[in-house]
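Visitor: Sequence and predicted structure are below.
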Amino acid sequence: MNGELSDEWRGWREATEEALYGPDGFYLRPEGPAGHFRTSVHASPLFAAAVARLLTQVADEIDGPTGLVDVGAGRGELLTGVLAALPAGTEVRAYAVERAARPAGLDPRIEWVAEPPTGVRGLLFANEWLDNVPVDVAEADEDGIPRYVLVRTDGEERLGDPVTGADAEWLDRWWPLADRPCARAEIGRPRDEAWERAVGTLDAGLAVAVDYTHVRAARPPFGTLTGFRAGREVPPVPDGTCDITSHVALDACAAVVSGAELLTQREALRRLGVSGERPPLALASTDPAAYVRALAGAGEAAELTARGGLGDFGWLMQPVRARR
C-alpha cells in the first residue's frame, strides 16, 4: 500500500478496513501494535495479573472447562501474561483472536484463531479492539445536514451523500449532528454489531471491552479520528503506514445487550486489587528489598489507574448467563 496513491473517494470505513487489514495493512506487519503504541498490557504486568484474577472469579461461577478469549490479541502479549499470572495447575483453554499470522515462539497453549470461537464458557476480553473496528465518519454541512465524509488514500477529504438509513438512526440516537454545521462524528454502529457478535459467542461467563471512550452527554464536537505511528500521534491517512483509530461510544455498545455495566479502568482495576497506594514507610526499615518492589508496583499501578490517562479508559462489563 506504499505504491502510487489512489484518487478514489471512499467512506472512512472502507478506507480504514483496507489500510489496517488489507494485503499490506498496518495491523498485519510483523512488529504488531506494540511497535507503534503502548497499551495497558505493555505498561505493566499488573494489568495481566488483574485479568487473571478476573478470569479466576468467572471460573468460580461457571460449570465445566474455563476458556479465555482475547479479541484483538496483538501478538499474544496479554494471554502470555495472564497464563503466567494464574495459579499453578489452573486449566484454561486460551484463544488469541487476531487477523495477523501467529508469532513465532508463542506459548503452545494459546490457540491462534481469526474469529472468536463459539460455545466458550469463561472470559472474553477485548482490550483496545473496538477502536480499530472501522467506522464511517459524518460531518454536518453548512445547512446542518449530516453527510458522509469521503477520503482519498492521501488523506484528502470531501463531503459525500447525506447519511441515511440505519446510520442516520444511530446518529440521531447516540451522536446527533443535525443543525450543527461542521460538527463531526464517528458512526459507531459497526462497533455495536461487532460487540454483539462477540458477546454472542459465549455460552456463559463475562465479556469485557476496554477502550478509549466517551458517552452521549459529552461527545467531542469534532470527533476523535486520529492516527499513530512509532509512538507518535499523526494525521489519519489511510495509506497503510499508520494506525487509524477513534474513541468508542461504549454506552451505545452497552445498549445492544442487556445487563451491561460501564466503569472506568480506575474503578475496574481497584475492584481487582490494583491501586497506586504507596507501601508503608516502615517496610523500608524491616525489608528494604520488599519496599523497593512494592514501590515500583505502586508506580505501575498508578499509571494504569491515573486520571487523564489509562485510568480513564472505559470497561464495558457484560455478564452472560448460561445458554443451556
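Guide: Perfect, I can see it now. Keep in mind that this is a model prediction, so the values were computed, not measured.

Visitor: C-alpha only now, for contacts and for neighbours.
Guide: Noted.

Visitor: which SSE is A209 in?
Guide: Using DSSP states H and E, A209 sits in strand 202-211.

Visitor: That strand - contacts with which helices or strands?
Guide: Judged by 3 or more Cα pairs under 8 Å, 6 or more residues apart in numbering; DSSP states H and E, strand 202-211 is in contact with helix 45-61, strand 120-127, strand 314-320.

Visitor: Which among the ones you listed is found nearest to W170?
Guide: strand 314-320 (19.3 Å; Cα to Cα).

Visitor: picking up where we left off before, note down every partner strand of the helix or strand just after the strand holding A209 and its orientation.
Guide: Using DSSP H and E, the helix or strand that follows strand 202-211 towards the C-terminus is strand 226-229. Using DSSP bridges, strand 226-229 pairs in its sheet with strand 232-234 (antiparallel), strand 243-245 (antiparallel).

Visitor: Tell me which of the ones you listed sits nearest to A168.
Guide: Among those, the nearest to A168 by Cα to Cα is strand 243-245 (21.3 Å).

Visitor: Identify each buried residue in the helix or strand following the closest one, please.
Guide: Per DSSP H and E, the first helix or strand lying C-terminal to strand 243-245 is helix 250-254. Neighbour counts over helix 250-254 (16 or more other Cα atoms under 10 Å) mark L250, D251, A252, C253, A254 as buried.

Visitor: Can you list the strands that the helix or strand just after helix 250-254 pairs with?
Guide: Of the helices and strands lying after helix 250-254 in sequence (DSSP H and E), the nearest is strand 261-264. Here strand 261-264 is paired, per DSSP bridges, with strand 314-320 (antiparallel).

Visitor: what's the angle from the strand it pairs with to strand 202-211?
Guide: 170 degrees (axes from the mean of the first three to the mean of the last three Cα atoms, to 10 degrees).

Visitor: Which residues does strand 314-320 contact?
Guide: 199, 202-213, 250, 254, 257, 259-265, 268 (Cα atoms under 8 Å, 6 or more residues apart in numbering).

Visitor: Could you pick out the buried ones from the residues you listed?
Guide: 199, 202-213, 250, 254, 257, 260, 262-265, 268.

Visitor: ok, back up a step: kindly reformat the helices and strands packed on strand 202-211 as CSV containing mean neighbour count, distance to G74 and mean pLDDT.
Guide: Formatted as CSV, the helices and strands packed on strand 202-211 follow (neighbours: other Cα atoms under 10 Å; distance: least, Cα to Cα, whole Å; pLDDT from 0 to 100):
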stretch, mean neighbour count, distance to G74, mean pLDDT
helix 45-61, 19, 14, 96
strand 120-127, 25, 10, 98
strand 314-320, 22, 19, 97
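
Visitor: Using a markdown table, please lay out those together with distance to A94.
Guide: Compiled in a markdown table, the helices and strands packed on strand 202-211 are given as follows (distance: least, Cα to Cα, whole Å):
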| stretch | distance to A94 |
| --- | --- |
| helix 45-61 | 11 |
| strand 120-127 | 10 |
| strand 314-320 | 18 |
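
Visitor: Just name the shakiest helix or strand of the protein by mean pLDDT.
Guide: helix 282-286 (a mean of 65; mean pLDDT, DSSP states H and E).

Visitor: picking that back up, partner strands of the strand holding A209, parallel or antiparallel?
Guide: According to DSSP bridges, strand 202-211 has these partners: strand 120-127 (parallel), strand 314-320 (antiparallel).

Visitor: From the chain's centroid, how far away is the last one?
Guide: Okay, so that is strand 314-320. Relative to its chain's centre, strand 314-320 lies at 12 Å (Cα atoms, centre = their mean, to the nearest Å).
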